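In: sequence plus the predicted model coming up.
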Amino acid sequence: MFTTVLAQQDKTQLGELPLNLFAAIENLKKELNAVILAHYYQDPDIQDIADFIGDSLQLAKTAAKTNADVIVFAGVHFMAETAKILNPDKLVLLPDLDAGCSLADSCQPEEFAAFKSAHPNHLVVSYINCSAEIKAMSDIICTSSNAVKIVQQIPEEQPIIFAPDRNLGRYVMEKTGRDLVLWQGSCIVHETFSEKKIVQLKIAHPEAEAIAHPECETSVLHHASFVGSTAALLKYCQESPTQEFIVATEPGIIHQMQKQAPHKCFIPAPPMNNCACNECPFMRLNTLEKLYWAMKNRAPEITMSEEIRLAAKLPIQRMLEMSV
C-alpha cells in the first residue's frame, strides 16, 4: 500500500503572536518568496490575505505554474498533496495537518485497489478530492469544474470507474448519458443539506434562485436552477440578473460572492439539523494564526515518496491537458 508521509505538527506553545498578523504574514511571504493559495471554503481572513483564491481546478493550475519557492496551501490535505505532486522541489506547507477531507477518507487505498481489480479493463477517473495514493491508482483526475467535459472525451465503448464521490458521479452520468461504476463515497457537508428546508426557503423567498454544487444529493440538485463548481457558482451569481440566491455548498464561498456582488443577497442553504453542519470542519481548522506559524517555522511540510508522486502526477497532467 502506498503511504503519504506528512511531517508531524508541533502542538506545543510556539511563542508570542505579532500584533499585526496580516503585516507579519506579508513580510514572511517576501522573506520566503512564498505564495498563499486558498480555497473558497477557507475563513474570510485567510481568503483576504491569499495571493490566489480558487476551486480545486483553479488551484491545481495555479500550483502547476507558480514561481514561488514556498507554497502555503490554505485548504485540506489532498489539495496540498496535489501542489507537492506538481512541485517536488518546492516547500509545501499546510497550516493544520488535521485538515483532512471526509470524501478522501471514504476511499482507502487497499479497499479501492480491490474495487479496481474487481472491474478489469475499466478506466479510472477520480475526483481530485482523494488522496495521493488514490490518484496514483487512477488514469485521469477530474474536478467538479471539468468532470463532465473529461468523461465526454473518453470513447463511449470504454467502461469507467468514477471515484470517490457518488453524487458527482451521478451528476456526470445524467449529463453525459454514460453508465459509470461508482465508488460509494460522499462529502459530509454536501450531503447534509435539507431538501425540505430549501423548499421552505424558496417559498419564503420567491424571487431567489437556488444554486448548488454537484456533490449535493440528487434531491437537492433538482431544486437548483444552476449546478456548478464553486468557481462556476461564483461566476453565475455575478452574471445573473437575479438579486437573491440560496447557496447549497459550503458557505465559505459566500464571502467572495458578497465581495463580487455586494448589492445582492446570499442565503446559505440550511442543514437538516440545527447545527453548523453546512460548514466543513476540516477547512475551518486552518486559521490565520496557524498560517503564520506554518510560515514562521517552515512546518508542517507535505512530503511523499517519489514513487507515489510520479504515479499520481500522470493522471493530474492528463486532466490539465484535457481541460484546455
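Out: Yes, it's here.
In: could you list the low-pLDDT ranges of this protein?
Out: Applying pLDDT under 70 to the chain flags residues 1-14, 275-276.
In: kindly recompute the last result at 90.
Out: Judged against pLDDT under 90, the low-scoring parts of the chain cover residues 1-16, 56-57, 60, 188-192, 194, 270-279, 323-324.
In: that one: strands as residue ranges?
Out: 34-39, 52-54, 70-74, 91-93, 123-127, 140-142, 160-163, 180-182, 209-212, 226-227, 244-248, 265-268 (DSSP state E).
In: helices and strands around the longest one, which ones?
Out: Spelled out, that is strand 34-39. helix 21-32, helix 44-49, strand 52-54, helix 56-65, strand 70-74, helix 77-86 (3 or more Cβ pairs under 8 Å, 6 or more residues apart in numbering; DSSP states H and E). In short, each C-beta sits where N, CA and C put it, glycine included.
In: including distance to Pro251 and mean neighbour count, could those go into a markdown table?
Out: Output for the helices and strands packed on strand 34-39, formatted as a markdown table (distance: least, Cβ to Cβ, whole Å; neighbours: other Cβ atoms under 10 Å):
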| stretch | distance to Pro251 | mean neighbour count |
| --- | --- | --- |
| helix 21-32 | 23 | 14 |
| helix 44-49 | 11 | 18 |
| strand 52-54 | 15 | 20 |
| helix 56-65 | 18 | 20 |
| strand 70-74 | 17 | 27 |
| helix 77-86 | 19 | 26 |
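In: wait, Trp183 sits on Leu168?
Out: No - when contacts are counted by Cβ atoms under 8 Å, Trp183 is not listed as touching Leu168 (10.7 Å).
In: more neighbours, those two?
Out: More neighbours surround Leu168 than the other of Trp183 and Leu168, with 29 against 24 (other Cβ atoms under 10 Å).
In: biggest helix in this protein, by residue count?
Out: Ranked by residue count and defined by DSSP state H, the top helix of the chain is helix 306-322.
In: return the distance of that helix from the chain's centre.
Out: 17 Å (Cα atoms, centre = their mean, to the nearest Å).
In: can you state the direction angle for that helix and helix 56-65?
Out: 110 degrees (axes from the mean of the first three to the mean of the last three Cα atoms, to 10 degrees).
In: list the buried residues for helix 306-322?
Out: By 16 or more other Cβ atoms under 10 Å, the buried positions in helix 306-322 come out as 308-309, 311-316, 318-320, 322.
In: who does it touch, helix- and strand-wise?
Out: Against helix 306-322 (3+ Cβ pairs under 8 Å, 6+ apart) you get helix 56-65, helix 77-86, helix 132-136, strand 140-142, helix 147-152.
In: OK, contacts around the residue nearest to the spatial centre of the chain?
Out: For the chain, the residue nearest the mean C-alpha position is Ser56 (4.7 Å; Cα atoms, centre = their mean). By Cβ atoms under 8 Å, 6 or more residues apart in numbering, the contact set of Ser56 is 39, 79, 82, 128-129, 143-145, 229.
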